[in-house]
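Student: Based on what follows, work out the 3D shape:
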Amino acid sequence: MNNDGFILPAEKAKEISSRYNPKTLIPFPFERILEAEKNISIIYPDLLEQGVSGAIIYENNFYKILVSSSETKERQYFTLAHEMGHYFLHKNDIITATDKVLIDNQDNYAGALFRAMPLSEADRRRETEANEFAAELIMPSDKVREIWEETDGKLSVEYYAKMFGVSISAMAIKMERLGLRTDRK
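Tutor: Residues are numbered from 1 along each chain as shown. Next up is the predicted model:
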């Protein structure tokens, strides 16, 4: 929690993980969230044509998470975690938005609420928070460190990425932020 009493995205991800994934299984078992949170569903339409990776829509007291089926499995996984970040962190923003939608483009830098670019500071903050939440939820820092230590950091970033079901770039960013290096590229 920061000084304003706001729960930080990574802390919220840890809270959600301890509730729905206490054994820190990888990949993250999103089905457990769906079983417990009866007001949410996940749909996989082909959204790539519109340049959309994912979105979350609020309608009739129900949230629909859309994840583009045209993206790679790794991208879908991160996008789902990102949209779950919006669900757990930004419900009030979604409910009070005129269109009741948060949209994420292929660069994962939209959250546009159907507004024209450039993004507002609030939109940028929401997107950053959802990314931080997603990264911690599907690549828990403690688990990444544990596996890195078990392998003496001698395996490639690609290996760790595959193990966690994420892209190489997502894992490289996570490892860099944790100060972990591998012997192999």
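
Student: From now on I want contacts and neighbour counts done on CA atoms only, so please keep to that.
Tutor: Will do.

Student: Any chance you could list what contacts stretch 11-25?
Tutor: The contact list for stretch 11-25, computed with Cα atoms under 8 Å, 6 or more residues apart in numbering, reads 1, 28-29, 32-33, 85, 88-89, 133-134, 136-137, 140, 143.

Student: mind redoing it with 7 Å?
Tutor: With Cα atoms under 7 Å, 6 or more residues apart in numbering as the contact definition, stretch 11-25 has outside contacts at 29, 32, 33, 133, 136, 137.

Student: So the second one, which state does it fall into?
Tutor: Using DSSP: H, G, I helix; E, B strand; the rest coil as the criterion, the local structure at residue 32 reads helix.

Student: picking up where we left off before, of the contacts of stretch 11-25, closest to residue 153?
Tutor: Relative to residue 153, the closest of the contacts of stretch 11-25 is residue 136; by Cα to Cα it sits at 19.5 Å.

Student: ok, which stretches of this structure are helices?
Tutor: Taking DSSP state H as the test, the helices found in the chain are 9-20, 30-36, 73-89, 91-96, 121-138, 141-150, 157-164, 168-178.

Student: now, of the ones you listed, which is deepest in the fold?
Tutor: Scoring the helices of the chain by mean neighbour count under mean count of other Cα atoms under 10 Å gives helix 73-89 as the most buried, with a mean of 23.

Student: Run through the protein and note the low-pLDDT ranges.
Tutor: By pLDDT under 70, the low-scoring segments of the chain are 1-6, 48, 105-118, 183-185.

Student: how does the chain divide into domains?
Tutor: Annotated domains of the chain cover 1-125, 139-185 [automatic domain parsing].

Student: Just want the phi and psi numbers for residue 61.
Tutor: Note on residue 61: its backbone torsions stand at phi 60, psi 30 [degrees, to the nearest 10].
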